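Colleague: A structural model of the following input is requested.
(4 chains)
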2 protein chains.
Amino acid sequence: MNEKKTNLLLVEDELMLAEILTDTLTDKGFNVRTVYDGLSALEAWRKERADVIVTDVMMPKMDGYSLVKALRREGCTAPILFLTARSATEDVVNGFEVGGNDFLRKPFAIDELIVRVNSLLGRTQSIVPNENVFNIGRFEFYPAESKISSAKGNVSLSAREAQVLLRLCRNMNQTVETESLLRELWGDDSFYNLRSLNVFVSRLRRHLEEDESVEIVNIRGVGYKLRC
Amino acid sequence: MNEKKTNLLLVEDELMLAEILTDTLTDKGFNVRTVYDGLSALEAWRKERADVIVTDVMMPKMDGYSLVKALRREGCTAPILFLTARSATEDVVNGFEVGGNDFLRKPFAIDELIVRVNSLLGRTQSIVPNENVFNIGRFEFYPAESKISSAKGNVSLSAREAQVLLRLCRNMNQTVETESLLRELWGDDSFYNLRSLNVFVSRLRRHLEEDESVEIVNIRGVGYKLRC
DNA sequence: AAACGCCGTTAACATTTGTTAACATTTATT
DNA sequence: AATAAATGTTAACAAATGTTAACGGCGTTT
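Modeller: Numbering: from 1, shown residues only, chains lettered A, B, ... in the order given. This is a model prediction of the structure:
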């Protein structure tokens, strides 16, 4: 997979806290660059960029708000999380207004900082499985490209076919209720739309018929289930 | 501008709090749908969707975590903010792990809730994105000069081609509705103008065909999406 | 003024795709 | 077994879109 480490710029003037955070975040796999005031942070950003920035608010030379304003003005779009001892609501509001993306009050648990940073990086859905590709028996389904590939080659699906199959894949081996499926894809669950869905299921079955271990099962009166 | 109101689904079993929140959020311009337990929330989502969801964790019938898991499994990608009285770090971590995007401890200031919701909706920074150049796969698009450059050299676009491509670039990987596109560039969305747009899309596709990772996808009956 | 090239539009034809109809089959119920 | 409801399957159809070429306005060049 060759995952690159995430570059995190930490701006914190309390030396003790800065050290603890640096160590812990490094432990957790981040590539941490630590600086101790706003001006240095700005310089560090200009030199080497970062994927995410964690910064204190009250600091010498340049406070956190000014730092973020400056960064945003320079075109920095990296997510920024504020850390602060000040807990007044206006501080939080101000933090978001100058361009911050999250705000964490001291004292805080480091685990919470980490999950919030990961959330900002868009890596939350560790539980929401990878949706780039689904393995359906001997097939591979690529929703983004509306494609199914197998030993015999590629088949491209129509938009609707792909949508229906995606919903079934998300609930692999579970029953997907026709009602919720129709509501989501067609907007309402009228009789004619149901008949339309029947046709799409039929077409999907044909696409998947090469592999007998794969089956779209109908649960009469309820919905469909992709079994494999 | 004719801004549509943001649909916010509020899930909170404490009636008093629910009412206060509903009133305040409505005041602030949100279109609020309030329900009092997880199951009702799931139904409400299936019926009418929402742009953002704010939910308590501890609730009758179905707790907030289960609710969010269920929603994510059904393909819900709306941002979700948890409200809770429980303050343990593991609760926060769990909240993010099941697919939540933010977590706010009770008691909280309503203003903080609002800025956090707005942040989730991506309406904070007035970062005006750089429109001098767009990166489209291996291409670079310069709207001001109506030029596309790639390894193989420069291609200059006609005015219309550039306008259409710019609209697609501004909403990269999002669907641009033909109606709004026609209204903006042609003035009205008559049938013949639509056919004209079809031709320009076709021409743009040809310009971008060198890079297979770039694609202008049609969303039947809705619009186009620049995927890369 | 004539010739030319650029460009948006329109036309004509091809293809894709969601829907509907028609008929077959299965399942549950009486 | 008889019946009705639900679902399976296939084909036909109509709408939307893709694609290419031709047309005609318009400004520029010769």
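
Colleague: switch to C-alpha atoms for all contacts and neighbour counts from now on
Modeller: Will do.

Colleague: ok, residues contacting the top helix by length along chain A?
Modeller: Ranked by residue count, the top helix of chain A under DSSP state H comes out as helix A:191-207. Outside helix A:191-207, the residues within contact range by C-alpha atoms under 8 Å, 6 or more residues apart in numbering or on different chains are A:155, A:160, A:161, A:164, A:165, A:178, A:182, A:186, A:215, A:216.

Colleague: what of stretch A:217-228?
Modeller: With contacts defined as C-alpha under 8 Å, 6+ apart, stretch A:217-228 is touched by A:136-137, A:168-169, A:171-179, A:213-216.

Colleague: could you say which helix or strand holds residue A:168?
Modeller: Assigned by DSSP states H and E, residue A:168 belongs to helix A:159-170.

Colleague: quick one, that helix and helix A:191-207 angle?
Modeller: 80 degrees (axes from the mean of the first three to the mean of the last three C-alpha atoms, to 10 degrees).

Colleague: how about the helix or strand containing residue A:94: buried residues?
Modeller: According to DSSP H and E, residue A:94 maps onto helix A:89-97. Buried positions in helix A:89-97, judged by neighbour count with 16 or more other C-alpha atoms under 10 Å in any protein chain shown: A:91, A:92, A:93, A:95, A:96, A:97.

Colleague: as a whole number, average confidence for it?
Modeller: The average pLDDT within helix A:89-97 is 90.

Colleague: can it be found next to chain B?
Modeller: Yes: using C-alpha under 8 Å from any C-alpha of the partner chain, we find that helix A:89-97 touches chain B at A:89, A:92, A:93, A:96, A:97.

Colleague: in stretch A:78-88, what counts as buried?
Modeller: Buried residues in stretch A:78-88, counted by 16+ other C-alpha under 10 Å: A:78, A:79, A:80, A:81, A:82, A:83, A:84.

Colleague: hey, C-alpha coordinates of that stretch in CSV?
Modeller: This file holds the C-alpha atoms of stretch A:78-88, laid out as CSV (Å, rounded to 0.1, in the frame of the first residue of the first chain):
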residue,chain,number,x,y,z
ALA,A,78,-5.4,22.3,5.0
PRO,A,79,-7.8,21.6,7.9
ILE,A,80,-6.9,23.4,11.1
LEU,A,81,-7.7,22.4,14.6
PHE,A,82,-7.5,24.9,17.5
LEU,A,83,-6.4,24.0,21.0
THR,A,84,-7.1,26.3,23.8
ALA,A,85,-7.5,26.8,27.5
ARG,A,86,-10.0,29.6,26.9
SER,A,87,-13.4,28.2,26.8
ALA,A,88,-15.7,31.1,26.1
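
Colleague: ok, the residue of chain A found nearest chain B to residue A:55 distance?
Modeller: Residue nearest to chain B within chain A: residue A:99 (4.5 Å; C-alpha to the nearest C-alpha). Here the criterion is C-alpha to C-alpha, to the nearest Å. By it, residue A:99 lies 12 Å from residue A:55.

Colleague: which residues do these two both contact?
Modeller: Both residue A:99 and residue A:55 are in contact with residue A:80, where contact means C-alpha under 8 Å, 6+ apart.

Colleague: which of these two has more neighbours?
Modeller: Neighbour count, other C-alpha atoms under 10 Å in any protein chain shown: between residue A:99 and residue A:55, residue A:55 has more, with 30 against 25.
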